[in-house]
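Peer 1: Quick check, what structure comes out for this input:
(chains A and B)
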Amino acid sequence: MVDISVDLGFLKLKNPVIAASGTFGYGIEFSPFIDLNQIGGFVVKGLYLSPKQGNPPPRLAETACGLMNSIGLQGIGVERFSKEVLPQLKGLRSALIINICGDTNEEYARIAEYLDKHEEISAYELNISCPNVKKEGLCPAQDPDDTYEIVKLVKKSCSTPVITKLSPNVTDISEIALSAEEGGSDAVSLVNTFLAMGIDPETRKPRLGNFFGGLSGPAIKPIALRMVYQAASAVQIPVIGIGGIASGRDAIEFIIAGAKAVQVGTANFTDPDSTLRIIDEITAFCKEKKIKRLQDLSGAVDLNP
Amino acid sequence: MLKNQRAVIAGKKSWGNDYFLFSLEAPVISRKSKPGQFLMVKITDNPYPLLRRPFSIHARNKHNIEIFFQNTGVGTSMLSQKQRGDKIEILGPLGNGFHIGERSESKKASLIGGGRGAAPLYFLACELVKKNINVTVFYGGKSSEDLPIASKFKKENIRTLCSTEDGSSGFKGLVTDLLETELKTDTPSLIYACGPEGMLKSLSKISKKHQIPAELSLESIMGCGFGACWGCVKKIKKGNTAEWHKVCEDGPVFSAGDIIWD
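Peer 2: Now for the predicted structure:
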């Protein structure tokens, strides 16, 4: 019997596979395809305080082994979410993680406070890659001090554990990960998407309505893995690895690099049941390699020549 | 209930290297399908091309479901090379279809298809005929080679009027011009259409001018096909507000009057 459970300290997962925010809707969209109870957890689509319109289309553009998106976090807002969606997510036996967005630090804190009474929420994930309207659109994720401040403020305003989701669009990911840890974050998840662009040579127009978008999918996996390794080497808090994971072996790579758990994103679009398949493949890998506890693999990268 | 399954390609037909028709063994999806709904088809198990491709349901019988598509890029080109007996993964039926026979007065329908956009209209035409609705198909393309399924409509004894931009077959000009000509003598109670955006925009105007309700099936790049990614949106009016609505989940068929064109 292989033990693939994960203990993040503040949260126990039955397996390391979490569906990533923005690729899993509000969870319920996937119930026709998978039993939501069987995955480690899922992160719902990013929520602002109010409903958000999102960006003009085209919002998606495919590139070699990758997907660029500029959805712009269109969503129903926290009030409708807690009235209409949360009741449908009650009683689940997988971790429910709420991704929080904000135009200002105060908005993140208000959402964290607003949802704090809901016991079915296992953790918050702070999407600190949202443009801050008070700082000329700069994302908190791009500055260590801003990251520290926002984490500290949110931690003060709620008792729900906080995972900080880091952006890869920085020079030194370790520095930002350390700032999140100092701010009191219970874990970090990385990476969010890479800032990218596409141009149609026929029309000379950008392929995305918002010009820039975030690149995800298998194309980003090696860079994401490197950043997860760097972050995990820098901080003591658990690291959740994200970036192009589409198979059990992909997930294992991130775990060996130092992640305790992983998030599966773009793969949910190509195969709505990919989370379950990845869990099975992780178990099969452990069996084959006679690994009794998956957590023994975490950070077990062998750097010897 | 949606279904994701591997389906055997039971039949394949091609018209040059441009247009293809696959018949897929998928009895459950077939039974549940309505005209205007679509499938997300996985092109490959490898990561390139990454996303599934949306195809409207072209026809169905008891066991099989058909897709009709044009070779327009990497995904459709790879798909077109699959052979009879190969298996492909399909997800469906997705989206809301055309509304059929909900208006008692809709005894006469005009179906307008532009190029590959004619795909869902065959399934629709067959269902309308079953309900004793008088159907005329307006089928337009750039050239005569772009009207490969005209004979399929004719075989069902459906009145089919063709147009080509180069005049190589039928009326010379746009299919919307052909429709306008016809509207001078004959008015349908309902218009159904699928095709390029320019054609659908013109139809919105025609629908408004002649006061004929129109249901338009929109095309969009889709990430998932089932409402999770919010990538395929178009601006749609609901009541007094216009918002970005998902083509996959709220459409792909919308009332012409509700679509806000750029």
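Peer 1: what's the spatially closest residue to B:C229 that is not a sequence neighbour in contact with, if anything?
Peer 2: Distances taken as C-beta to C-beta, 6 or more residues apart in numbering or on different chains place B:G223 nearest to B:C229, at 3.4 Å, with adjacent residues excluded. All C-beta spots, glycine's among them, are computed from the backbone N, C-alpha and C. Neighbouring residues of B:G223 by C-beta atoms under 8 Å, 6 or more residues apart in numbering or on different chains: A:60, A:67, A:69, A:269, B:51, B:229, B:231-232.
Peer 1: Can you pick out the most distant pair from those?
Peer 2: By the measure C-beta to C-beta, A:L67 and B:C232 form the most distant pair in these, at 12.8 Å.
Peer 1: which neighbours do those two share?
Peer 2: Listed as contacting both A:L67 and B:C232 by C-beta under 8 Å, 6+ apart are A:60, B:223.
Peer 1: Give the residue farthest from the middle of chain A.
Peer 2: Residue farthest from the centre of chain A, counting by C-alpha atoms, centre = their mean, is A:E202 at 35.1 Å.
Peer 1: before we move on, the earlier item: for the contacts of B:G223, which one is nearest B:F138?
Peer 2: B:C232 (26.3 Å).
Peer 1: correct me, but that closest one touches B:W244?
Peer 2: No. Taking contacts as C-beta atoms under 8 Å, B:C232 lies outside contact range of B:W244: 9.6 Å.
Peer 1: These two - which one has more neighbours?
Peer 2: The residue with more neighbours, out of B:C232 and B:W244, is B:C232; 28 against 22, by other C-beta atoms under 10 Å in any protein chain shown.
Peer 1: And for the residue of the stretch 51-200 of chain A found nearest chain B, the neighbour number?
Peer 2: Residue nearest to chain B within the stretch 51-200 of chain A (C-beta to the nearest C-beta): A:L60, separated by 4.0 Å. As a burial measure, A:L60 scores 26 neighbours (other C-beta under 10 Å).
Peer 1: go on, B:D166?
Peer 2: Neighbour tally, B:D166, other C-beta under 10 Å: 12.
Peer 1: Excluding residues flanking it in the chain, which one is nearest it?
Peer 2: Setting aside the residues directly before and after it, B:D166 is nearest to B:S143 in space (C-beta to C-beta, 6+ apart), at 5.0 Å.
Peer 1: now B:L183
Peer 2: B:L183 sits nearest to B:H210 (C-beta to C-beta, 6+ apart), 5.9 Å away.
Peer 1: Ok, A:K260 next?
Peer 2: Leaving aside its chain neighbours, A:K260 sits nearest to A:P238 (4.3 Å; criterion: C-beta to C-beta, 6+ apart).
Peer 1: now that neighbour: how far from chain B?
Peer 2: Using C-beta to the nearest C-beta, to the nearest Å, A:P238 is found at 26 Å from chain B.
Peer 1: contacting residues for that residue?
Peer 2: A:8-9, A:186-188, A:260-261.
Peer 1: Chain B contacts on chain A?
Peer 2: Residues of chain A lying close to chain B by C-beta under 8 Å from any C-beta of the partner chain are A:22-25, A:29-30, A:32-33, A:45, A:53-54, A:56-62, A:64-67, A:69, A:71, A:74, A:217-218, A:246, A:266, A:268-273.
Peer 1: at 7 Å what do you get?
Peer 2: Counting by C-beta under 7 Å from any C-beta of the partner chain, chain A comes close to chain B at A:23-25, A:29-30, A:32-33, A:53-54, A:57-60, A:62, A:64-67, A:69, A:71, A:74, A:217-218, A:246, A:268-270, A:272-273.
Peer 1: pLDDT weak spots in the stretch 101-250 of chain B?
Peer 2: Across the stretch 101-250 of chain B, the ranges flagged by pLDDT under 70 are B:102-106.
Peer 1: what about the strands in it?
Peer 2: Per DSSP state E, counting those that start in this stretch, the stretch 101-250 of chain B carries strands over the ranges B:108-114, B:134-141, B:159-164, B:171-172, B:190-194, B:214-217, B:233-238, B:241-246.
Peer 1: and B:K201, which of the ones you listed is closest to it?
Peer 2: Of all these, strand B:214-217 sits nearest to B:K201, with 9.4 Å by C-beta to C-beta.
Peer 1: now for that closest one, which elements pack on it?
Peer 2: strand B:190-194, helix B:197-209, strand B:253-255 (3 or more C-beta pairs under 7 Å, 6 or more residues apart in numbering or on different chains; DSSP states H and E).
Peer 1: Let's see that with 10 Å instead.
Peer 2: Packing partners of strand B:214-217 (3 or more C-beta pairs under 10 Å, 6 or more residues apart in numbering or on different chains; DSSP states H and E): strand B:108-114, helix B:119-130, strand B:190-194, helix B:197-209, strand B:253-255.
Peer 1: What strands line up against that strand, and which way round?
Peer 2: As defined by DSSP bridges, the strand partners of strand B:214-217 come to strand B:190-194 (parallel), strand B:253-255 (antiparallel).
Peer 1: got the CA positions of it in CSV?
Peer 2: The C-alpha trace of strand B:214-217 is given here as CSV (Å, rounded to 0.1, in the frame of the first residue of the first chain):
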residue,chain,number,x,y,z
ALA,B,214,-32.8,34.7,-36.3
GLU,B,215,-30.8,32.1,-34.3
LEU,B,216,-27.1,32.4,-35.0
SER,B,217,-24.5,29.8,-34.0
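Peer 1: Report the distance from it to the chain centre.
Peer 2: 10 Å (C-alpha atoms, centre = their mean, to the nearest Å).
Peer 1: swap in stretch B:174-182?
Peer 2: 19 Å.
Peer 1: now do stretch A:192-200
Peer 2: Computed by C-alpha atoms, centre = their mean, the chain-centroid distance of stretch A:192-200 equals 18 Å.
Peer 1: Straight-line length of that stretch, end to end?
Peer 2: Start and end residues of stretch A:192-200 are separated by 25 Å (C-alpha to C-alpha, to the nearest Å).
Peer 1: repeat for stretch A:42-54
Peer 2: 22 Å.
Peer 1: And stretch A:69-89, by the same measure?
Peer 2: 27 Å.
Peer 1: Then stretch B:78-87?
Peer 2: Using C-alpha to C-alpha, one end of stretch B:78-87 lies 13 Å from the other.
Peer 1: Pull the residues that contact it.
Peer 2: With C-beta atoms under 10 Å, 6 or more residues apart in numbering or on different chains as the test, stretch B:78-87 has contacts from B:5-12, B:14, B:17-20, B:22-25, B:41-44, B:46, B:48-49, B:53, B:55, B:67, B:69-71, B:88.
Peer 1: Just the buried positions in stretch A:50-57, please.
Peer 2: A:51-52, A:54-55, A:57 (16 or more other C-beta atoms under 10 Å in any protein chain shown).
Peer 1: Kindly report the same for stretch B:93-109.
Peer 2: B:93-100, B:106, B:109.
Peer 1: Now go through those and say which are in strands.
Peer 2: Judged by DSSP state E, strands contain the following of these: B:93-94, B:109.
Peer 1: export those residues to CSV and tack on distance to A:G137?
Peer 2: As requested, those are arranged in CSV below (distance: C-beta to C-beta, whole Å):
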residue, distance to A:G137
B:P93, 42
B:L94, 36
B:A109, 50
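Peer 1: from those residues, which is closest to chain A?
Peer 2: Chain A lies nearest to B:L94 out of those, by C-beta to the nearest C-beta, at 10.5 Å.
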